[in-house]
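>>> I would like the atomic coordinates for the input below:
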Amino acid sequence: MSDLSTITDLKIHQHSYWNPIIQFQLSEDTYPHWNIFCIEDGIFEFQVMDQRGEAQFGDIIFCPPNIPLKRKAVTPLKFHFLRFSFQNIENYALPIGKIKIHDHERLSSTYSHLRSLAFNETELSNKWKAHLIYDLLQLYNIENQHNIENQILTIDNQPQIKDPIVAKAITYLHEHAFTNITIGSIAAHFGLSPVQFTRRFQTSIGIPPIEYLTLLRLRKARTLLLETDYTIDDIANRCGYSNGFYLSRIFSKKMKMSPSQFRKIHKI
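Take a look at the predicted model:
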């Protein structure tokens, strides 16, 4: 029988399980590897780079190597702390800061398995821990991709729009999405200020016009990545962006992976 624990190149360097902890001994710490906090119960405040907030069950905090992580327990906590690294880190687009896992049943199951391995530091147990962490990353990517797909579906399945200006604006967006238009220029075309236009558009559609425009452009970018061999700069120009760097920044923020990674993973 094959050893499924070897399917990733993720290596676990430390796994600690706290049940419970009332307060952290240090309010800030730095680690030499990627590290994550997987919260099973309780609430704590965190800051990673410029991202700060509160985390609880369903949230996982990712912190890159050598980056300070600030933390403060708000309530008694139960959580897993793991340090890990990848042999080929360039193949992965790891999130920074807080991510959410919405499949709580799957998450609870994963945490249960991690608890059973918490005080076992053998090579085999660390491989299984690596498999579980990799599985969480894939689950996050699946959920994020599903969210993007749902947003894109709103483009194709518009409800009946009562606001005549917004209805005309949507047609205008589809006709000019891949040019260098701005929300300000669209608003001016319909005799509105950017604030007025954004408010009316979001009331009718449920998302702001800049988000709608971004989804149109990303949909085309994804198609071009998979169906052509165009460079990132070529694709950017065809999707209304000034250069490949800007497209990559927008694409990575929405898709949680770079255009080149998307092409490598999905292209047949």
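
>>> need the strands for the stretch 1-150 of the chain, in chain order.
For the stretch 1-150 of the chain, the strands defined by DSSP state E, counting those that start in this stretch cover 10-21, 28-29, 34-41, 44-48, 51-55, 59-63, 69-73, 77-86, 97-100.

>>> which of those sits closest to R263?
Smallest distance to R263 across the strands of the stretch 1-150 of the chain (Cβ to Cβ): 19.8 Å, for strand 77-86. Yep, even glycine has a C-beta here, placed from its N, CA and C like the rest.

>>> just checking: what are the partner strands of the closest one?
Counting by DSSP bridges, the strands paired with strand 77-86 are strand 10-21 (antiparallel), strand 34-41 (antiparallel).

>>> out of the ones you listed, the one nearest Q47 is which?
Minimum separation from Q47 across the strands paired with strand 77-86 (Cβ to Cβ) falls at strand 34-41, 12.3 Å.

>>> got the angle for the closest one vs strand 69-73?
Relative orientation of strand 34-41 versus strand 69-73 (axes from the mean of the first three to the mean of the last three Cα atoms, to 10 degrees): 10 degrees.

>>> mind listing what's buried in strand 34-41?
For strand 34-41, burial by neighbour count (16 or more other Cβ atoms under 10 Å) applies to 34-40.

>>> pull the helix or strand with minimum mean pLDDT from the chain.
helix 123-156 (a mean of 78; mean pLDDT, DSSP states H and E).

>>> about what we covered before: so for I96, which of the strands paired with strand 77-86 sits nearest?
When the strands paired with strand 77-86 are compared by Cβ to Cβ, strand 34-41 sits nearest I96, at 9.7 Å.

>>> can you name the farthest residue from the center of this structure?
Distance to the chain centre peaks in the chain at G191, reaching 36.3 Å (criterion: Cα atoms, centre = their mean).

>>> before we move on, back to that, grab the two from the buried residues of strand 34-41 that are most spread out in space.
W34 and E40 (20.0 Å).

>>> first to last residue in stretch 45-56, what's the distance?
End-to-end distance for stretch 45-56, by Cα to Cα, to the nearest Å: 9 Å.
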